[in-house]
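**Q** dropping the sequence and predicted coords here.
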Amino acid sequence: MNFRKIIAAVLTASFAVSLAACGSSGDKLARQGEEQYSEGNYSQALSIFLDAEKSGLKNYKIEELYSCIGNCYFQLDDYDKSIEYQTKCLEENPEYFDGWVNLGVTYRQSGDNEKAMSCYEVALNYDPENGASLQLYVSLGALYIELGKPISAINYLEKAEKISKDVPDVYAYLAIAYAMALEPEKSDTAFSKAQSLGYPNMSEVQEQINKIGE
């Protein structure tokens, strides 16, 4: 009897069981992190997600975990760390649509519109053209407003509106884009819709529209 082979087999089996248990623990932590994130507890969610990364994953996809960690850093205004983890996400899965959108949003928020646009253009290659696309279209609309291109902004924001008619950001940006495109009636309608849906920064939207009319 070859005891070396038996010991090696036992150790291999034990290691596999340990990994499976470890991965299961990481999966559970990742789900807990999602719950905390959905409740707006971003610091707690981040801590849990980082513990999940250390514990290892079994079924939860690593690129999704990295994206979640990046989103937490984004919400905590740490854009460098957000970019780091969204980049790690895309290194794991270069075709991950949400990762490209999230990375683009982070670049835009940090003031790098050129890199943001590059990310959005890649995301469009993997665009599912369903509910998941809404954030991409809103982000593109917002970016084109910043670039002074209202027609392009309207194109993407109207696509977002077709996906969902109850997202206040869509109508807030449409109000600005329509005003820039010299369509005041559409701007007023979009403004009222954003207000009725509870968009929190209506004074800022009104201020931007007023500047267009000056």
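**A** In hand now; what should we look at?

**Q** where do the domain boundaries of this protein fall?
**A** 8-60, 153-214 (automatic domain parsing).

**Q** check those for me: which has the lowest mean pLDDT.
**A** Of all those, mean pLDDT reaches its minimum on domain 8-60 (a mean of 74).

**Q** next, give phi and psi for Q75.
**A** Reported as degrees, to the nearest 10, the phi and psi values for Q75 are phi -60, psi -30.

**Q** what helix or strand is the residue nearest the centre of the chain on?
**A** Residue closest to the mean C-alpha point of the chain, counted by C-alpha atoms, centre = their mean, is N102 at 3.6 Å. For N102, the element it lies in under DSSP states H and E is helix 97-109.

**Q** buried set for that helix?
**A** Within helix 97-109, the residues scored as buried using 16 or more other C-beta atoms under 10 Å are 97-108. To be clear about C-beta, it is placed using only N, CA and C from the backbone, and glycine gets the same treatment.

**Q** over to stretch 129-139?
**A** For stretch 129-139, by 16+ other C-beta under 10 Å, it's 133-139.

**Q** E35 and K28, how far apart?
**A** 11 Å (C-beta to C-beta, to the nearest Å).

**Q** who has more neighbours, those two?
**A** K28 (15 against 12; other C-beta atoms under 10 Å).

**Q** now do the contacts for I145.
**A** 153, 173, 176-177, 180 (C-beta atoms under 8 Å, 6 or more residues apart in numbering).

**Q** ok, now K186?
**A** 174, 178.

**Q** can you map out the helices along the protein?
**A** Assigned by DSSP state H, the chain shows helices spanning 3-38, 42-55, 62-75, 79-92, 97-109, 113-125, 134-146, 150-163, 168-180, 184-196, 202-213.

**Q** residues near G56, how many?
**A** That count, for G56 with other C-beta under 10 Å as the rule, works out to 18.

**Q** please renumber so the chain begins at 11
**A** OK, 11 is where the count begins now, so the last one is G66.
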